[in-house]
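*Asks:* Here is my input; please provide its structure:
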Amino acid sequence: MHRIATHPMVPEQRLSRRAAWAGGEPIASMLMAKTLGQPHLISLAAEEFLGPIGGIEWVRPSGGLYVWLRLPESLDTGLDGPLFPRALAEGVLYVPGEYCYPAEGQTRPRNMLRLSFGAVTCEELRQGVRALAAAICQVV
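*Replies:* Residues are numbered from 1 along each chain as shown. Have a look, this model is predicted:
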């Protein structure tokens, strides 16, 4: 496994997002990962694939291994909800947000999910967000 890190000497503006994703070109994708890091790449993928759906919010991670998504209140992300089996059918596994809150003391949101981006390649990350967006579109 390669360590993914950001590099302050290569500004984001110098990299073409279109060139980085064009045809899944491995060199451009590797350059994006090494200069911008996985947290930034998942934000780009979310903007591209989830942004057009509407009603989905996420916080751009500054590090770590996870990104949280808040879907419309009406969409249950739990194991028994409509999204989980659709996401699995698309090849995406996520953690329903309700499992990340204490069992007692506060409301456990049913419309949130947590994605991990630490153990996938840049292209897998992009494909995974695209597949999740397809699953969401099937159930909204």
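*Asks:* what residues are up against residue 94?
*Replies:* Residue 94 makes contacts with 77, 84, 87, 113-115, 132, as judged by CB atoms under 8 Å, 6 or more residues apart in numbering. Every C-beta, even on glycine, is put in place using the N, C-alpha and C of the backbone.
*Asks:* If you rank those by neighbours, which is first?
*Replies:* Across the contacts of residue 94, neighbour numbers were computed from other CB atoms under 10 Å; residue 113 holds the maximum, 28 neighbours.
*Asks:* Who is that one paired with across the strands?
*Replies:* Counting by DSSP bridges, residue 113 is bridged to residue 69, residue 96.
*Asks:* just the strands in this structure please.
*Replies:* Taking DSSP state E, the strands of the chain run over residues 57-58, 66-70, 95-96, 112-116.
*Asks:* Can you add mean pLDDT and distance to residue 47 and give those back as JSON lines?
*Replies:* Putting the strands of the chain into JSON lines (pLDDT from 0 to 100; distance: least, CB to CB, whole Å) gives the following:
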{"stretch": "strand 57-58", "mean pLDDT": "92", "distance to residue 47": "9"}
{"stretch": "strand 66-70", "mean pLDDT": "92", "distance to residue 47": "12"}
{"stretch": "strand 95-96", "mean pLDDT": "96", "distance to residue 47": "22"}
{"stretch": "strand 112-116", "mean pLDDT": "93", "distance to residue 47": "14"}
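*Asks:* Pipe those strands into a markdown table and attach distance to residue 51 per row.
*Replies:* Written out in a markdown table, the entries for the strands of the chain read as follows (distance: least, CB to CB, whole Å):
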| stretch | distance to residue 51 |
| --- | --- |
| strand 57-58 | 9 |
| strand 66-70 | 12 |
| strand 95-96 | 22 |
| strand 112-116 | 15 |
